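Student: When you get a sec, could you give me coordinates for this:
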Amino acid sequence: VTIMFTDIVGFTNMCHECQPLEVMAFLNDLYSRFDGLVDIYKVYKVETIGDCYMVAGGLVAHDDDGYKSVISGKEDALHAVRMPHNGEPVRLRVGLHSGPVTSGVVGDRMPRFCLFGDTVNVASRMESTCRPGHIHVSAATQ
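Tutor: All right, here's what the predicted structure looks like:
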């Protein structure tokens, strides 16, 4: 399984400068664009926590080609998103790591499908140590 974490550079500062409804509208716009890419790239959206968006590849069936590497004839939908407090393009930190995970539905109230294990922890660290605007990929994923 390959885990990907994303984080929005400058999110905390933006939250201090924007009204809560503006932050929610921004996140909804950005995450809706991410959600639109989930089916294209055949990954599973695990969860969002604040400005963190987590997906996993290898948990769902792939098409005959195994994946699609580009969206033909269209601009990447993510490049159109701007930070609401300054109009700058959204910059992300992205971390990817591949390896085994344990998964399952947990909880009685609002049960959720969750992923656990060192692979998840390493992917999270790859994101948190990534330079802004870059993608940090582990050797296991390359």
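Student: Need the residue closest to the centroid of this structure.
Tutor: Residue closest to the mean C-alpha point of the chain, counted by CA atoms, centre = their mean, is residue 53 at 3.5 Å.
Student: So what pairs up with the closest residue to that residue other than its chain neighbours in the strands?
Tutor: Excluding its sequence neighbours, the residue lying closest to residue 53 (CB to CB, 6 or more residues apart in numbering) is residue 6, at 4.7 Å. Just so you know, the C-beta spots here come from the backbone N, C-alpha and C atoms, and that holds for glycine as well. Beta-bridge pairing of residue 6 under DSSP bridges involves residue 53, residue 94.
Student: so where's the protein shaky on pLDDT?
Tutor: 60-79 (pLDDT under 70).
Student: farthest residue from the center of it?
Tutor: Residue of the chain lying farthest from the centroid, by CA atoms, centre = their mean: residue 108 (26.1 Å).
Student: Quick check: residue 85 touching residue 11?
Tutor: No. Contact criterion CB atoms under 8 Å: residue 85 and residue 11 do not qualify, at 10.4 Å.
Student: Now do stretch 89-102: distance from first to last residue.
Tutor: End-to-end distance of stretch 89-102: 36 Å, with CA to CA, to the nearest Å as the criterion.
Student: ignore the last one, stretch 32-51
Tutor: Counting by CA to CA, you get 13 Å between the two ends of stretch 32-51.
Student: List the buried residues in it.
Tutor: 33, 34, 37, 42, 43, 44, 46, 48, 51 (16 or more other CB atoms under 10 Å).
Student: again, but for stretch 98-116
Tutor: 98, 99, 101, 103, 115.
Student: do stretch 131-142 as well
Tutor: Buried, per 16+ other CB under 10 Å, within stretch 131-142: 136, 137, 138, 141.
Student: Ignoring the adjacent residues along the chain, who's closest to the third one?
Tutor: Once its chain neighbours are removed from consideration, residue 138 has its nearest residue in residue 97; the separation is 4.2 Å (CB to CB, 6+ apart).
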